[in-house]
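**Q** the following comprises the amino acid sequence and a computationally predicted model.
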Amino acid sequence: MPPGSRVGLVVNGRPGVDPYGRPDLYDLEYADLVEDRAFYVSAAVDTVGQVLELGAGTGRLTIPIAEAGQQVVAVERAEAMRERLAVRAQMAGVADRIDIVDGDFRSLRLGRRFASVLLPFNALHHCADEDDLAGLFATVAAHLEPGGRFLFDAYLPDWELYARAPGRYEHRLLKVGDAMMPSWESSEWDPDTWTHHVWYHFGEGAQGTSLHLVLHMYPLATLRSAMTDAGLTPEFDAEDFEGTPLTRRSVRWVGRWTTQRTEQKSSS
Ligand SMILES: C[S@@+](CC[C@H](N)C(=O)[O-])C[C@H]1O[C@@H](n2cnc3c(N)ncnc32)[C@H](O)[C@@H]1O
């Protein structure tokens, strides 16, 4: 069965399709999501030289950045997402501004540095453990110029959401061509592994498809110390893209961190 094909629709029994094998459904789900666009596009446009985007997906942000005139190196692990990004870039007339790279952000080394590295839309929750996180932030540090900026957003644990009884929520009707397709979400928190399972269901009954997104969650302190260990320091932290200060109740973290302006001399 090819990646992204329809498999059983079991939800709490867990199966479901890899969401990054179905870029068409990914784009349908997030067609209206623009709240993060100004944050990333304005930072990208202010950057001298190319911008590095990690986990670029189908180009939801990559393409607006390129349309604003910036050159982007777009790293993406999932082949289906890269293919759709390439098609979308062609259609938008910005393919010459986007270098699409097949890479893993936990270990990537391009051998060059950038003034801005972007990690949008919760991509760090694909790090399954603290070794993965350390690899990701080492990648960020290895690709930032001295004084360069790392922009990201991530979820913080949402205990009210996790306490909710499993069940369908966020019922919607999505426009597909001339037809309307029903859609709903369901989720389950695994307290043993700190994993949030989210299913996005599209279509009716057995004809439908369930995407199963697995998000590995971390306390804010764990994320901050992994970034500090990689040599990054905070410039801006907030709970949204408008800059509302973080509190203990925040369920999202939007940040801009930086590296030292001068390379540290080796102590040896
Ligand atoms: C939540 S999506 C964000 C996509 C896009 N940046 C956006 O804002 O719509 C996360 C993306 O990161 C990619 N990804 C996950 N783990 C990765 C890894 N280790 N290396 C590179 N890309 C990865 C996924 O395939 C997916 O396309």
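**A** Nice, I can see it. Predicted, not measured: the structure shown is a model, and the values here were computed from it.

**Q** which stretches of the stretch 101-250 of the chain have low pLDDT?
**A** Along the stretch 101-250 of the chain, segments meeting pLDDT under 70 span 165, 206.

**Q** all strands for it, in order.
**A** Using DSSP state E, counting those that start in this stretch, the strands of the stretch 101-250 of the chain run over residues 114-119, 144-155, 169-176, 179-190, 195-202, 209-216, 233-238.

**Q** okay, those strands, which one's buried deepest?
**A** strand 114-119 (a mean of 25; mean count of other Cβ atoms under 10 Å). All C-beta atoms are positioned from the backbone trio N, CA, C, and that covers glycine.

**Q** can that strand be found next to the ligand?
**A** No - if you take Cβ under 6 Å from any ligand atom as the test, strand 114-119 misses the ligand, and the best it gets is 8.0 Å.

**Q** angle of that strand against strand 144-155?
**A** Between strand 114-119 and strand 144-155, the angle comes out at 20 degrees (axes from the mean of the first three to the mean of the last three Cα atoms, to 10 degrees).

**Q** contacts for strand 114-119?
**A** Applying Cβ atoms under 8 Å, 6 or more residues apart in numbering, the external contacts of strand 114-119 come out as 40, 43-44, 46-55, 61, 73, 105, 136, 140, 143-145, 148-152.

**Q** repeat that for stretch 167-176.
**A** So stretch 167-176 is contacted by 28-29, 31, 180-186, 201-202 (Cβ under 8 Å, 6+ apart).

**Q** tabulate these (JSON lines), appending distance to the ligand.
**A** Putting the contacts of stretch 167-176 into JSON lines (distance: Cβ to the nearest ligand atom, whole Å) gives the following:
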{"residue": "Leu28", "distance to the ligand": "12"}
{"residue": "Glu29", "distance to the ligand": "10"}
{"residue": "Ala31", "distance to the ligand": "11"}
{"residue": "Met180", "distance to the ligand": "23"}
{"residue": "Met181", "distance to the ligand": "20"}
{"residue": "Pro182", "distance to the ligand": "23"}
{"residue": "Ser183", "distance to the ligand": "17"}
{"residue": "Trp184", "distance to the ligand": "19"}
{"residue": "Glu185", "distance to the ligand": "15"}
{"residue": "Ser186", "distance to the ligand": "18"}
{"residue": "His201", "distance to the ligand": "18"}
{"residue": "Phe202", "distance to the ligand": "17"}
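
**Q** I'd guessed Leu61 sits against Ser42; true?
**A** No - using Cβ atoms under 8 Å, Leu61 is not in contact with Ser42; the gap is 11.6 Å.

**Q** more neighbours: the two, which one.
**A** Leu61 (24 against 12; other Cβ atoms under 10 Å).

**Q** give me every residue that touches that one.
**A** Leu61 is in contact with 36-37, 40-41, 53, 118, 120-121, counting by Cβ under 8 Å, 6+ apart.

**Q** how about Ser250?
**A** 156, 239.

**Q** for it, phi and psi?
**A** For Ser250, the backbone dihedrals (degrees, to the nearest 10) come out as phi -60, psi 140.

**Q** same question for the one 3 residues further on.
**A** Backbone torsions for Trp253, taken as degrees, to the nearest 10, come to phi -130, psi 120.

**Q** returning to that earlier point: reformat the strands of the stretch 101-250 of the chain as JSON lines; add distance to Met81.
**A** As requested, the strands of the stretch 101-250 of the chain are exported to JSON lines (distance: least, Cβ to Cβ, whole Å):
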{"stretch": "strand 114-119", "distance to Met81": "15"}
{"stretch": "strand 144-155", "distance to Met81": "18"}
{"stretch": "strand 169-176", "distance to Met81": "19"}
{"stretch": "strand 179-190", "distance to Met81": "20"}
{"stretch": "strand 195-202", "distance to Met81": "15"}
{"stretch": "strand 209-216", "distance to Met81": "13"}
{"stretch": "strand 233-238", "distance to Met81": "28"}
